[in-house]
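**Q** Have a look at this fold, sequence not included:
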């Protein structure tokens, strides 16, 4: 058995099975070591048989919509592999990521939003509870190094659920400010919709979920992967069933 496991989550109807299959296909192309890929989902229809699927209910001990995607943290309970990662479906891997996946992690590692001005955007709004400079779209940890985060979450869930509007805000306010989490270095990730619609660095994010709560961005075009000018590259990562 190889010692790397990469996870993704799919539920609802925003992203279809093509997103799952092409996420895996992109990783196969740009990761030069073997890994096991698992999709936790509420609908496995259309997902390639090359991908292991599991019921997303396994990651849902709490019945809440307040802190969305908290399910990601419960992947830590299943870190039976030496190296563990999760990747969001609205992410395009377009350069070699072998080093990111295989490097040693002494703690769980998240993305820092280098494309946003930290002082003007996050520090300026910090006391309002709307700041967020941490992103959980591509996360890695070695076996046992992230157990503290899940333990803290379980022990403080009621307070977390009441206090934070999203997983990323929870990570930013509670753990980043206390210097508890690691961050990927600048130059590995980019944001397509915030950086002039370019594919930069090794991995590019297309995340648009924040738009629904941000009135200032309603008139700025934000592409999903399946409608972006780079969709042909993304389609090249398709898999057979």
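**A** Looks like it came in fine. Please read these numbers as outputs of a predicted model, since none were measured by experiment.
**Q** Residue 59 reaches residue 75, doesn't it?
**A** Yes - Residue 59 is within contact range of residue 75, at 6.7 Å (criterion: Cβ atoms under 8 Å). (C-beta placed from N, C-alpha, C; glycine too.)
**Q** and the two? which has more neighbours close in?
**A** The neighbour count for residue 59 versus residue 75, taken as other Cβ atoms under 10 Å, is higher for residue 75 (23 against 20).
**Q** pLDDT on the longest strand along the chain, on average?
**A** Secondary structure of the chain per DSSP state E: the longest strand is strand 134-142. Looking at strand 134-142 alone, the average pLDDT works out to 97.
**Q** ok, now stretch 37-47?
**A** Rounded mean pLDDT across stretch 37-47 is 97.
**Q** and what of stretch 86-101?
**A** The model assigns stretch 86-101 a mean pLDDT of 98.
**Q** in that stretch, what's buried?
**A** Within stretch 86-101, the residues that count as buried by 16 or more other Cβ atoms under 10 Å are 86-94, 97, 100-101.
**Q** could you redo these as CSV and give each row distance to residue 165 and secondary structure?
**A** Formatted as CSV, the buried residues of stretch 86-101 follow (distance: Cβ to Cβ, whole Å; DSSP: H, G, I helix; E, B strand; the rest coil):
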residue, distance to residue 165, secondary structure
86, 20, strand
87, 23, strand
88, 18, coil
89, 21, coil
90, 19, coil
91, 22, strand
92, 26, strand
93, 28, strand
94, 31, coil
97, 30, coil
100, 29, helix
101, 30, helix
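**Q** Looking at those residues, which is nearest residue 155?
**A** residue 86 (21.9 Å; Cβ to Cβ).
**Q** and the closest one, what are its bridge partners?
**A** residue 7, residue 139 (DSSP bridges).
**Q** residues contacting it?
**A** 6-9, 72, 75, 136, 138-139 (Cβ atoms under 8 Å, 6 or more residues apart in numbering).
**Q** From residue 17, how far off is residue 134?
**A** 29 Å (Cβ to Cβ, to the nearest Å).
**Q** quick one, which of those two is more surrounded?
**A** residue 134 (22 against 19).
**Q** wait, what's in contact with the more buried one?
**A** 110-113, 168, 171-172, 176, 181, 183.
**Q** Throw those into CSV and include neighbour count and secondary structure, thanks.
**A** Output for the contacts of residue 134, formatted as CSV (neighbours: other Cβ atoms under 10 Å; DSSP: H, G, I helix; E, B strand; the rest coil):
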residue, neighbour count, secondary structure
110, 22, strand
111, 22, strand
112, 21, strand
113, 20, coil
168, 25, helix
171, 24, helix
172, 24, helix
176, 20, helix
181, 21, coil
183, 16, strand
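**Q** how about those, which pair is most distant?
**A** Maximum distance among the contacts of residue 134 (Cβ to Cβ): 13.8 Å, for 113 and 181.
**Q** and for residue 59 and residue 75, which residues touch both?
**A** Joint contacts of residue 59 and residue 75 (Cβ under 8 Å, 6+ apart) are residue 40.
**Q** Can you list the residue ranges for strands in the chain?
**A** 4-10, 36-41, 52-55, 83-87, 91-93, 109-112, 134-142, 182-183, 189-191, 203-205.
**Q** which intervals of the protein have sub-threshold pLDDT?
**A** Applying pLDDT under 70 to the chain flags the ranges 1-2, 118-131, 209-219, 241.
**Q** Determine which residue lies closest to the centroid of it.
**A** residue 137 (1.9 Å; Cα atoms, centre = their mean).
**Q** so how far is residue 33 from the closest residue to residue 8 other than its chain neighbours?
**A** Counting by Cβ to Cβ, 6 or more residues apart in numbering, residue 8 lies nearest to residue 39, which is 5.1 Å off, once chain neighbours are set aside. Residue 39 sits 20 Å away from residue 33, taking Cβ to Cβ as the criterion.
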